[in-house]
Each structure stands twice: as structure tokens, then as C-alpha cells.
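In: The following block contains a protein sequence and its predicted model.
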Amino acid sequence: MPRPGFLFDPSKNSLFYLVLFMTFIVLGLTASEALSGRYSIIGSVASFLGLFVAFQSWKAADDASRNTDKALTQMHQLAEETRQLVERSTTVEEQIKAAVVTISDATRELYRGFQPILLAMRDFLEESKGSEYLALMTDSAAIGTFYARHHRPELNQREMRALTNQIHDLLLARARDAREFYLATLAADTPAADNQLPTRDQYGRLHHFVQGVWQQFHPEGPVSGEVWEEHREEHLATLRQIEETFQTLSEHPQQRAAGLGPHQQVPVLPLQLFLRFDAEAHEPLRALVVFLGQYNLDRVAEARAMQTTDPELVRAFISMFESLTSLDDNAAYQQLRREFPL
């Protein structure tokens, strides 16, 4: 709203009115002498005080009006920001709905149950032979072994052992023939202090994940040290085999030249990913997404997975993988992406 002029704005004319009141006092005193005391000093002072009180009341009322105007302006701004926030929330909700529809439309196959998912993993690795880019994110390098061994009700151990051995062999084969190969897992060891060897993890990320899976099948008690150590050693042995294959037998000089190893660690595991890019394939981008992570271990007995070849969806999962492994902050990796875009 427009502000009043100088004479009616007490925030600007205080000094002017103070001088004016003092002038009235002087005139009052002069008049008092001229009129032989009929207009006394007390009267002059009283007039001044009356005018001053009136001025202060006017100023206080004006300040209150200013504060009210300011509060109303802030309320209007808050209302506008709230309206914009509601609009943005609605937009985000619509984007989430659209993403769900996109995922549903892009899903080529849906897998339910532990054994069908392991079969899908095996087939994915088998079909990824000679890929330009292969990125896997799982809880452990010993893929599927802990579930197969400790699942309740008990699974056919001969079939499960044959299946997990096939996955293990294909994992090493892809570490050998992929141009870029990355396997991201949860850490099995606690961080080492300076000048000390890593200690065996009793509270680390992989241990917590294994503990969560174990309790779904064995709610009567925690995983024993013997069971945990068996799985930990299997996981580390597989990592050593992958590293050896990568360094001595692999066909990815660009990745080695960039100083990027095959094994990455992730701080969290919201789900599990198998991601492939092969420019010569009929469908270059493919993803197998297993909806089993540390936030829904209560669903381990009812695991779900999907496979998609939708390019944008697969690229979104690749971005998730890069973010969780911090490869998106690695200059050497970013240089590879500029040279070999996906």
C-alpha cells in the first residue's frame, strides 16, 4: 500500500516536530513575558507535553500499522509458497505415478521366488558374454549361496549347489571377457585403523545383512559365528578369484589403465542390480532388478525381480549404481564414460 507524505509519516518527521514543539515553547515563553505572565511557563510545558504525548501515540499507531502491513505481506508470501509447495508435491506425485507406469510397461519378465530369480541371474550372466559394460550390485560376491544353504523350508541342495556354482563360474567368465566389469557388494570387514590389519566384522554391513536374512529363516536366534565366518570366507575367496582373473586374464585394458578395480563397495543395498550394455546386441541395454535389499529383508521368502530393456529405465539404474559406488565422483570413471558412453 502507498505510504503517506513527509508531514504524515512519523518515522521520517520526528526531528521536524520536535523542533516545532520547541519553537512553540519559546513562543510561549515570549508570549508569557509580553502578556505579563498570563501565559505561564507551566502552560507552555504542559502544551508541549500534550503535543508530545499526542505525537508519540500517533507514531505508535503508525508503527503498529506498519507491522500489520508487514505481517499481512508475510502471510501472503507464506500462502503463495504453500500453494507452490502443494503444486510441486502434486507434480512429484504425478512423476512417481508415471515412473511406476513406466516400470510396469517396461517390464519384460517378472520373477517370483528364490529359485526362479537365481535362474534369471544365471541366464543374464550367460547372455552378457563379451559385453562392453557389466555392473552388478549384490550383498555378497558368493551370489545366492547363503540363501540356498539356509532357506526354510529347505531347498534341494544338489540343485541349488549346481545353480550357484554355475553363477560363480559365469561371474568369473564375465570378469574376464567384459570390457568393463564392476561388482559392488557390502563390506565384509570393518575399516582398518592406521598401521593395523582389518578386523573380522561382527557388526559391519554384510554381517548385518546376513543376520537379517538368517533371522527370517531362523527366528529362534542370531546367526552363529561359524555360519557367518563360512559365508564371509566364501565371499572373500570369490573376490580374490575375480581380482586375479581381472588382472591376469581379462580383456579390459581401458578399465585397468584407468586404475578402476573390479570390486566396489556400497554403504547401503536398497535392491540388487544386474546391468549390461552391449552395443552389438539386439537390445543394447538390459537390467535385471531384484527387489531384495536391507530395507525389506522381511520379504526374503517372497522375493521379486524384473527384467527390462527400456533404455531410460536401465540408464536410471546405472546412475543409481554409479551414485551408490561413488563412481560418479571418480574422474577416471567419468573419463571412461566420455570415451565410451552408454
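Out: It's in. Every value quoted in this text rests on a predicted model; they were computed, and no experiment measured them.
In: low pLDDT regions in the stretch 151-300 of the chain?
Out: The model of the stretch 151-300 of the chain has pLDDT under 70 over residues 189-204, 250.
In: how about a cut-off of 80?
Out: Applying pLDDT under 80 to the stretch 151-300 of the chain picks out residues 151-154, 189-204, 249-252.
In: ok, which stretches of it are helices?
Out: Using DSSP state H, counting those that start in this stretch, the helices found in the stretch 151-300 of the chain span residues 157-177, 205-217, 225-248, 253-257.
In: Turn those into JSON lines, including distance to Pro341 and mean neighbour count.
Out: The way it works is simple: take the backbone N, C-alpha and C, and place the C-beta from them, glycine included. Formatted as JSON lines, those follow (distance: least, Cβ to Cβ, whole Å; neighbours: other Cβ atoms under 10 Å):
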{"stretch": "helix 157-177", "distance to Pro341": "21", "mean neighbour count": "17"}
{"stretch": "helix 205-217", "distance to Pro341": "32", "mean neighbour count": "19"}
{"stretch": "helix 225-248", "distance to Pro341": "23", "mean neighbour count": "16"}
{"stretch": "helix 253-257", "distance to Pro341": "13", "mean neighbour count": "14"}
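In: Serialize those helices to JSON lines and add fields for distance to Leu327.
Out: Conversion of the helices of the stretch 151-300 of the chain to JSON lines gives the following (distance: least, Cβ to Cβ, whole Å):
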{"stretch": "helix 157-177", "distance to Leu327": "17"}
{"stretch": "helix 205-217", "distance to Leu327": "18"}
{"stretch": "helix 225-248", "distance to Leu327": "16"}
{"stretch": "helix 253-257", "distance to Leu327": "11"}
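In: what's the closest of those to Leu125?
Out: With Cβ to Cβ, the closest approach to Leu125 among the helices of the stretch 151-300 of the chain belongs to helix 157-177: 3.9 Å.
In: List the contacts of that closest one.
Out: 115, 118-119, 121-122, 125-126, 128-131, 134, 136, 141-145, 148-149, 181, 183, 238, 241-242, 245-246, 249-251, 262 (Cβ atoms under 8 Å, 6 or more residues apart in numbering).
In: Check stretch 126-138 too.
Out: By Cβ under 8 Å, 6+ apart, stretch 126-138 touches 170-171, 173-174, 177-185, 266, 269, 272-279, 281, 286, 318, 321, 324-325, 340, 342.
In: Now which of those would you call buried?
Out: With burial judged by 16 or more other Cβ atoms under 10 Å, the buried subset of those is 170-171, 173-174, 177-185, 266, 269, 272-278, 281, 286, 318, 321, 324-325, 342.
In: Filter the residues you listed down to just the ones in strands.
Out: Among these, the residues falling in strands (DSSP state E) are 180-185, 272-277, 286.
In: how about the residues you listed in CSV, adding distance to Ala332?
Out: Putting these into CSV (distance: Cβ to Cβ, whole Å) gives the following:
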residue, distance to Ala332
Glu180, 12
Phe181, 15
Tyr182, 13
Leu183, 18
Ala184, 17
Thr185, 21
Gln272, 26
Leu273, 22
Phe274, 24
Leu275, 19
Arg276, 21
Phe277, 18
Arg286, 25
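In: Not including adjacent chain positions, what is the nearest residue to Leu134?
Out: Ala178 (4.3 Å; Cβ to Cβ, 6 or more residues apart in numbering).
In: Hmm, His252 and the one you found touching each other?
Out: Yes. Shown here, Ala178 and His252 form a contact pair, counting by Cβ atoms under 8 Å, at 6.4 Å.
In: State the distance from the residue nearest to Leu134 to Leu125.
Out: Per Cβ to Cβ, to the nearest Å, Ala178 is found 10 Å from Leu125.
In: ditto for Ala316
Out: With Cβ to Cβ as the criterion, Ala316 and Leu125 are 22 Å apart.
In: which one of the two has more residues nearby?
Out: Leu125 (25 against 15; other Cβ atoms under 10 Å).
In: can you tell me the helix or strand for that one?
Out: For Leu125, the element it lies in under DSSP states H and E is helix 114-127.
In: Can you check what angle separates that helix from strand 272-277?
Out: Here helix 114-127 runs at an angle of 20 degrees relative to strand 272-277 (axes from the mean of the first three to the mean of the last three Cα atoms, to 10 degrees).
In: and the direction of helix 114-127 versus that of helix 157-177, what angle?
Out: Going by the same axes, to 10 degrees, helix 114-127 makes 30 degrees with helix 157-177.
In: Just checking: what are the partner strands of the following helix or strand past helix 114-127?
Out: Per DSSP H and E, the first helix or strand lying C-terminal to helix 114-127 is strand 133-137. Strand 133-137 has its sheet partners listed here by DSSP bridges as strand 180-185 (parallel), strand 272-277 (antiparallel).
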